[in-house]
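Trainee: Next comes the sequence, and after it the predicted model I'd like to discuss.
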Amino acid sequence: MVCLVSRTGRHLQRYDNLGRRQVVGCIPYRYKSSSDGTISNDVEVLVISSQKCQKMMFPKGGWELDESREEAALRESLEEAGVLGIVECELGKWDFISKSHGTFYEGYMFPLLVKEELDLWPEQNLRRRSWMNVKEARDVCQHWWMKEALDILVERLKQQNEDKFPNLVAL
């Protein structure tokens, strides 16, 4: 059973020693499968629209006091994109400024190998989700630091899958 309500409020929000809000995000990805069920070497990533406008990005949100970064990444992917899967090793940490608020943030990104895509999820009425190839996702993603995380993921997948998928198509 999955909880279908998003967490709200900032009372459990983490801040670093410089007062920057700490956020965690995920790049949900999967390998395309053909109609006969065989897995190809094509990688797709899931992007979502922001709540306030239709700009696209990867799921991300506040890292809260009662969870690990990995737990926060999985929670945000469930709440915002309606996907569950395996949170893999951290892609990195970025410091950035919110253009809309002028606020400093510390952001962590993780890959999420998607195992389940839900029909119902907490923010389904607030966001659109769309599977895209890496190049399309990089083109539409609004955040430079998420694009950098995507580049790191692509390189990691190429290295990990050299034997399995020698012609991995990611870009």
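Mentor: Here it is on my side, so go on.
Trainee: Could you list the residues in contact with the longest helix anywhere in the chain?
Mentor: Longest helix in the chain, counting residues (DSSP state H): helix 144-160. For helix 144-160, contacts defined as C-beta atoms under 8 Å, 6 or more residues apart in numbering pick out 25, 27, 29, 43, 45, 57-58, 60, 91-92, 94, 96, 107, 109, 111, 134, 137-138, 141, 168, 170-171. No exception for glycine: its C-beta is placed from N, CA and C like everyone else's.
Trainee: what separates that helix from the chain centre, distance-wise?
Mentor: 12 Å (C-alpha atoms, centre = their mean, to the nearest Å).
Trainee: one step back: from the contacts of helix 144-160, which land in strands?
Mentor: 25, 27, 29, 43, 45, 57, 60, 92, 94, 96, 107, 109, 111 (DSSP state E).
Trainee: about what we covered before: buried ones among the contacts of helix 144-160?
Mentor: When these are checked for burial by 16 or more other C-beta atoms under 10 Å, the buried set is 25, 27, 29, 43, 45, 57-58, 60, 91, 94, 96, 107, 109, 111, 134, 137-138, 141, 168, 170.
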